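Undergrad: coordinates only, sequence not included:
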């Protein structure tokens with residue numbers, strides 16, 4: 001099981017670095033999210049001559065999607081009963097693992113297992129495909145999930161469906177094939193619930 005935690009930590013670091021690199025460039029890119037609103041609320045102002053963004057978009061509970069696609073409540077993509085049935089145990093309520101839009105995530109912990117769902121809501125199917133095509137290393141294609149799906153050493157299952165790029169990781173004391181099969185079951189539940 002320990003190699004799974006290393007994989008999850010490595011994936012989290014990669015996503016954090018990717019988000020930081022994209023949101024801090026000052027250039028127009030699809031991952032800059034709502035950083036211009038946050039910058040103006042902290043006292044700095046944009047130096048590119050544009051107007052300040054309405055700070056009410058950064059208020060608690062605001063659901064502004066940034067420059068990505070539709071916002072996603074990742075914790076609503078699976079139910080506790082579904083997770084319990086597939087994993088054979090009772091999970092905790094989903095815990096939001098957030099980053100700035102368009103990144104959305106949720107994690108459920110069941111003591112002897114954990115399930116994580118991460119969603120990137122892109123503006124277009126082309127952006128989703130371009131990002132998905134960046135998966136590195138030794139990948140195994142997975143049939144029957146979304147528009148394209150794969151697994152590799154870092155994730156049990158990654159797939160795209162429309163403008164969404166989704167990663168599902170299952171952490172349990174089982175072999176990789178069993179974890180990948182569980183991740184695929186979860187994916188088939190997640191896909192119809194994406195906005």
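TA: Looks like it arrived, so ask away. In this text the structure is predicted, and so the values were computed from the model without any measurement.

Undergrad: Could you list which residues are in contact with residue 78?
TA: 94, 106, 108, 115, 117, 186, 189, 190 (Cβ atoms under 8 Å, 6 or more residues apart in numbering). Every residue, glycine included, has its C-beta placed from N, CA and C.

Undergrad: Looks like the third one contacts residue 96 (just checking).
TA: Okay, so that is residue 108. No. Counting by Cβ atoms under 8 Å, residue 96 is not a contact partner of residue 108; they are 11.1 Å apart.

Undergrad: which residue ranges form the helices in this protein?
TA: Along the chain, the segments classed as helices by DSSP state H run 2-23, 35-41, 80-87, 125-132, 176-190.

Undergrad: mean pLDDT for those helices: which is lowest?
TA: Lowest mean pLDDT of the helices of the chain: helix 35-41, a mean of 24.

Undergrad: returning to what we had before: quick check, nearest of the contacts of residue 78 to residue 160?
TA: residue 190 (12.3 Å; Cβ to Cβ).

Undergrad: residues in contact with the closest one?
TA: Counting by Cβ under 8 Å, 6+ apart, residue 190 has contacts 77, 78, 117, 166, 168.

Undergrad: Need the phi and psi values for the first one.
TA: The one in question is residue 77. Dihedral angles of residue 77 (phi, psi; degrees, to the nearest 10) stand at phi -80, psi -20.

Undergrad: Chain neighbours aside, what residue packs nearest to it?
TA: Residue nearest to residue 77 in three dimensions, not counting chain neighbours: residue 190, with 4.6 Å by Cβ to Cβ, 6 or more residues apart in numbering.

Undergrad: now the one you found: how far from residue 157?
TA: Distance of residue 190 to residue 157, given as Cβ to Cβ, to the nearest Å: 10 Å.

Undergrad: which neighbours do those two share?
TA: Jointly contacting residue 190 and residue 157 under the rule Cβ under 8 Å, 6+ apart are residue 168.

Undergrad: Kindly state the pLDDT recorded for residue 69?
TA: With respect to pLDDT, residue 69 scores 86.
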